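Enquirer: this is the structure alone, sequence omitted:
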């Protein structure tokens, strides 16, 4: 199955810094989703995007659905220690299946 | 609140055992999915179901089967567990098509010894 290209693979940042990660696909998607996964837990949905160009915020998180419909990015502003985890993107085309990125591991140094 | 519940957080099974992983959702979602997650490999789809008694193979169905007798419940079965099936298993559910987002359970960490 298709896997999305997610970058960077890992990030080490100071508390208070902003974070940016992105996801690209070779296929067009109708939906982009961003998840956070804590160690030993299931992914939790952070933001969902349904239209090309859409920009959506959830607290300190902002995500955008790329105009080409083949990419999306997630920004975290003013990072805090509890932002630590793995962030995944997911895309969905016209079918029922979701396709996932390989994840970005975020470490926040206090 | 949306809820997907997996029956076990941690399981340890012996090689050759038959293993059942259960998943229940309370959102009346048509679609349900089973993934396994391994370091460096991301989430890989094992099976999914878009309706009761319907199932479709994902990317890595070998060694697994599934059962969906009721809309809210989707079971993953390892017919004869092997050590290479040691993994984190994640269940998810969604509305059909592009109408809804995928919600995950808390995961089952399976170790086969």
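Expert: Arrived safely, thanks for sending. All values reported here derive from a predicted model rather than from experimental measurement. Numbering: from 1, shown residues only, chains lettered A, B, ... in the order given.
Enquirer: how about the lowest-mean-pLDDT helix or strand in chain A against chain B, any contact?
Expert: Using mean pLDDT, DSSP states H and E, strand A:98-100 stands out as the lowest-scoring helix or strand of chain A, at a mean of 92. Yes. Strand A:98-100 is in contact with chain B by C-beta under 8 Å from any C-beta of the partner chain, via A:98, A:100. Every residue, glycine included, has its C-beta placed from N, CA and C.
Enquirer: ok, residues contacting that strand?
Expert: A:1-4, A:25, A:27, A:29, A:33, A:88-93, B:33, B:42-43, B:92, B:94, B:102 (C-beta atoms under 8 Å, 6 or more residues apart in numbering or on different chains).
Enquirer: what subset of those is buried?
Expert: Among the contacts of strand A:98-100, those classed as buried by 16 or more other C-beta atoms under 10 Å in any protein chain shown are A:4, A:25, A:29, A:33, A:88-93, B:33, B:42-43, B:92, B:94, B:102.
Enquirer: name the spans of the chain whose pLDDT lies under the cut-off.
Expert: Assuming you mean chain A. A:1 (pLDDT under 70).
Enquirer: actually chain B
Expert: B:1-2, B:98-99.
Enquirer: contacting residues for residue 10?
Expert: Looking at chain A here, since you left the chain open. Residue A:10 neighbours (C-beta under 8 Å, 6+ apart): A:104-107.
Enquirer: the intended chain is chain B.
Expert: B:108-109, B:111.
Enquirer: go again using 6 Å as the cut-off
Expert: residue B:109 (C-beta atoms under 6 Å, 6 or more residues apart in numbering or on different chains).
Enquirer: kindly report the same for the one 10 residues further on.
Expert: Contacts for residue B:20 (C-beta under 6 Å, 6+ apart) come out as B:75, B:77.
Enquirer: beta partners of it?
Expert: Going by DSSP bridges, residue B:20 is paired in beta bridges with residue B:77.
Enquirer: and the residue positioned nearest the centre of chain B, its phi and psi?
Expert: Residue closest to the average C-alpha location in chain B (C-alpha atoms, centre = their mean): residue B:34, at 2.8 Å. The phi/psi pair for residue B:34 (degrees, to the nearest 10) reads phi -120, psi 130.
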